[in-house]
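[1] All I have is the shape, not the residue letters:
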């Protein structure tokens, strides 16, 4: 009613990847009274898998409601880095580099590397150069994940952007051969 604003919750984006999962209340019907607001959030980091928390307002209290163990402890110490690089035509690109747990370049030497990517179409170089994802996301490994190869001593370059740019009236795939030869 007064037009004033108050921050209820904010993600710690420096260390964690956090999202709002749901807004909750103890009240079942009618308007949500702000003195009973609860926010269900998820929180993860490079090394900590997703856990869920209740953010209770106005107390600004955080209550952890899950304590899931690491799903694959043998890969808990994998190395992950979001890298940025520039293509010849000036497009800024990103990828996630994963190295096996315990890898030491000076002792172990070079690694075989599996590159996991797919080209994408963009209408501008700026759109193609956008950073995707967060460096603080937990590395989930599914049955078909390339990260399974970390256990066999491979490096993984995941999601290197391969943008096909079509600016102005030119469609991306009209320049596919020209872009690929750059």
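    Noted; the coordinates are in hand. Keep in mind that what you see is a predicted model, and the values were worked out from it rather than measured.

[2] alpha carbons only for contacts and neighbour counts from here, please
    Fine.

[3] Model confidence at residue 135, what's the number?
    Here the pLDDT value assigned to residue 135 is 64.

[4] Also residue 94?
    On the pLDDT scale, residue 94 is placed at 84.

[5] Please tell me how far it sits from residue 143.
    Separation of residue 94 from residue 143 (Cα to Cα, to the nearest Å) stands at 25 Å.

[6] neighbour-wise, which of those two wins?
    Ranked by neighbour count (other Cα atoms under 10 Å), residue 94 and residue 143 place residue 94 first, with 21 against 7.

[7] thought the more buried one was touching residue 84?
    Yes: using Cα atoms under 8 Å, residue 94 and residue 84 qualify as a contacting pair, with a distance of 4.5 Å.

[8] can I see the domain layout of the protein?
    1-69, 73-181 (automatic domain parsing).

[9] which one of those has the lowest average pLDDT?
    What stands lowest among the domains of the chain, in mean pLDDT terms, is domain 73-181, with a mean of 78.

[10] how near is residue 137 to residue 96?
    The value you get for residue 137 to residue 96, if Cα to Cα is used, is 11 Å.

[11] So which bits of stretch 92-112 are buried?
    Taking 16 or more other Cα atoms under 10 Å as the neighbour-count basis, stretch 92-112 is seen to contain the buried residues 92, 93, 94, 95, 96, 97, 98, 99, 100, 101, 103.

[12] what do you get for stretch 67-81?
    Of the residues in stretch 67-81, 75, 76, 78, 79, 80 count as buried by neighbour count, 16+ other Cα under 10 Å.

[13] what's the last one in contact with, if anything?
    Each residue near residue 80 by Cα atoms under 8 Å, 6 or more residues apart in numbering is listed here: 46, 96, 97, 98, 99.

[14] swap the cut-off to 6 Å and go again
    Residue 80 sits next to 97, 98 when contact means Cα atoms under 6 Å, 6 or more residues apart in numbering.

[15] Distance of it relative to residue 65?
    Applying Cα to Cα to residue 80 and residue 65 gives a distance of 27 Å.

[16] residue ranges of the helices in the protein, please?
    105-108, 125-128, 176-181 (DSSP state H).

[17] Strands along this protein, start to end?
    Along the chain, counting by DSSP state E, strands occupy 17-25, 37-44, 51-56, 61-64, 79-86, 92-99, 113-116, 119-122, 155-158, 162-165.
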